[in-house]
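Participant: pasted the sequence and its predicted model underneath.
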Amino acid sequence: MNYKILILIFFCSVTTSAFSQMRYGAVVGGNLSRLAVSGSDLTSEFGAGAFVGVYVAVPLNSTLSIRSGLNFQHIGVKNDFAKVVSVERRINYLELPVHVTYSISVPRAGSFLIGVGPFVGLQLSGSEKKKWEEIDATNGDVSFPSGVFESDIVYSGDHASMNRFDYGISSLLGYKLSSGLFIRAGYNIGLAQLNKRQEDFQFNATQKEYKEKSRIVSLGVGFEF
C-alpha cells in the first residue's frame, strides 16, 4: 500500500509543479487559406483573412511543453472548376490545435519555438458567391446556368454543401523575446473532406473524385504572460 501512496504523491507533486509553471498567451494576425483540390481542370487560390487566439502552455521539462488554445479564424478561399464556374467563400472558423513544442533558448535574447500536433476545426458560418460562365453546352438533360449567385453556406439538410467539422495536422514556428513578446508562423493541413456533394462539380465521367481539404498559412504577433 505504501508504494501506491508514494506514486500518488509523486504524481500530484509533478502535476502541481507543471501547472504552477503554466504560461498563457494571446495572438493576433493574418492568414492565407485555400481549399485544396486535385485534378488538372480544378484550381484553388489562397485568399486573405485574419485570426485572433488564446492559448495555454504546460511545461513537461525545460525544453518541451504541451500548448493548446482556441483560435477564431476568418478565412477566404476561391476555387475554379474546368473554366465553367468559380466559387468564392468567406468562412468563420474555430480552430483548436494541440502542439508538442520544443524550445531552443538564446541566452539573454529569447527562444525559438517549434511545434507540431493535431487540430480540430469547426465552421461556424459562411457565405459563398458562385460565378457561372455563359457557355452553350448541356450534359444530358442538365444545362449549365450562367451569372453570379450569392448565398449563405448550408451545413445541414437536403441542400447542405459543406461539412462543419475539420481535422488535420498543425505546425508552428516562432521566436519569443525575453519580455514575452513573440512572432510566430503556422501551417495547417486539413485531412477532412469539407464538401458534402461532390456531384455539384463533377462535370465528366473521367474526372477524379472531387474533395476539398483545408490549407491555412498564418502569421501573427502576440504576448505570453
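Facilitator: Great, that's in hand. Residues are numbered from 1 along each chain as shown.
Participant: check which helices and strands the strand or helix carrying Ala50 sits against.
Facilitator: Secondary structure assigned from DSSP states H and E places Ala50 in strand 42-59. The contact analysis (3 or more Cβ pairs under 8 Å, 6 or more residues apart in numbering; DSSP states H and E) places strand 42-59 against helix 2-20, strand 23-36, strand 64-81, strand 85-106, strand 213-224. Bear in mind the C-beta positions are built from the backbone N, C-alpha and C, glycine included.
Participant: so for the first one, mean pLDDT?
Facilitator: Over the span of helix 2-20, the pLDDT mean works out to 52.
Participant: quick revisit: could the helices and strands packed on strand 42-59 go into a markdown table alongside mean neighbour count and distance to Met162?
Facilitator: Formatted as a markdown table, these follow (neighbours: other Cβ atoms under 10 Å; distance: least, Cβ to Cβ, whole Å):
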| stretch | mean neighbour count | distance to Met162 |
| --- | --- | --- |
| helix 2-20 | 10 | 38 |
| strand 23-36 | 18 | 9 |
| strand 64-81 | 19 | 11 |
| strand 85-106 | 18 | 8 |
| strand 213-224 | 19 | 11 |
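Participant: Leu42: which of those is closest?
Facilitator: The closest of the helices and strands packed on strand 42-59 to Leu42 is strand 64-81. By Cβ to Cβ, the value is 5.8 Å.
Participant: point out where the protein drops to low pLDDT.
Facilitator: Applying pLDDT under 70 to the chain flags the ranges 1-20, 39-41, 82, 134-145, 197-208.
Participant: same thing but at 80, please
Facilitator: 1-21, 38-42, 81-84, 133-146, 197-210 (pLDDT under 80).
Participant: follow-up on the earlier one: could you give me the buried positions within the strand holding Ala50?
Facilitator: Residues of strand 42-59 classed as buried by neighbour count (16 or more other Cβ atoms under 10 Å): Leu42, Ser44, Phe46, Gly47, Gly49, Phe51, Gly53, Tyr55, Ala57, Pro59.
Participant: show me the beta-bridge partners of the nearest residue to the second one once chain neighbours are set aside.
Facilitator: The reference is to Ser44. Setting aside the residues directly before and after it, Ser44 is nearest to Arg34 in space (Cβ to Cβ, 6 or more residues apart in numbering), at 4.5 Å. For Arg34, the beta-bridge partners under DSSP bridges are Arg215.
Participant: any chance of the buried residues of strand 42-59 in TSV, plus distance to Tyr187?
Facilitator: Listed next are those as TSV, based on distance: Cβ to Cβ, whole Å:
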residue	distance to Tyr187
Leu42	22
Ser44	16
Phe46	12
Gly47	16
Gly49	14
Phe51	13
Gly53	15
Tyr55	17
Ala57	19
Pro59	24
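Participant: which of those residues sits closest to Ser146?
Facilitator: Leu42 (19.8 Å).
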